[in-house]
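Colleague: Okay, predicted coordinates and the sequence, questions at the end:
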Amino acid sequence: MSIFEIMMLLCFGFAWPFSIYKSYKSGSNQGKSLIFLLIVFMGYVAGVLHKVLYNFDTVVYLYALNGVLVGIDILLFLRNHSRANRKWA
């Protein structure tokens, strides 16, 4: 377990709730990229898999929490995209 790994995950982890809040309240995807969100999500999945398969420690929970937060942001992105498409139909 590295203090730097923990610090990185905590910093990213504190940023995701703001992104989720913005997506939820604005109903807009402006400034967001689904490709970016998916890449970040896959990075967290890879982090969890590495911890589970090769170096299990409690940091796995930070990877998982961040993955869940990004997953929520992905779902909000899809919701907002669907709503925007309905407005134009």
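Modeller: Structure's in. What do you need?

Colleague: Going by neighbour count, list what's buried in the helix or strand where Val68 lies.
Modeller: Per DSSP states H and E: Val68 is located in helix 60-88. Neighbour-count burial for helix 60-88, counted by 16 or more other C-beta atoms under 10 Å, picks out 60, 62-64, 66-67, 69-70, 72-74, 76-77, 80. C-beta: built from backbone N, CA, C; applies to glycine.

Colleague: any chance of those in CSV, with distance to Val48 and pLDDT too?
Modeller: Shown next, in CSV, are the buried residues of helix 60-88 (distance: C-beta to C-beta, whole Å; pLDDT from 0 to 100):
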residue, distance to Val48, pLDDT
Val60, 6, 96
Leu62, 10, 96
Tyr63, 5, 97
Ala64, 6, 97
Asn66, 9, 98
Gly67, 7, 97
Leu69, 13, 97
Val70, 12, 98
Ile72, 16, 97
Asp73, 17, 97
Ile74, 16, 98
Leu76, 21, 97
Phe77, 21, 97
Asn80, 27, 96
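
Colleague: between those, which is nearest Pro17?
Modeller: If you rank those by distance to Pro17 using C-beta to C-beta, Leu69 comes first, at 6.8 Å.

Colleague: In contact with that closest one, which residues?
Modeller: Each residue near Leu69 by C-beta atoms under 8 Å, 6 or more residues apart in numbering is listed here: 13, 16-17, 20.

Colleague: Which residue lies nearest the spatial centre of this structure?
Modeller: Residue closest to the mean C-alpha point of the chain, counted by C-alpha atoms, centre = their mean, is Val70 at 1.6 Å.

Colleague: Relative to Leu34, how far out is the closest residue to that one other than its chain neighbours?
Modeller: Excluding the flanking residues, the one nearest Val70 by C-beta to C-beta, 6 or more residues apart in numbering is Phe41, at 4.6 Å. For Phe41, the distance to Leu34 equals 10 Å [C-beta to C-beta, to the nearest Å].
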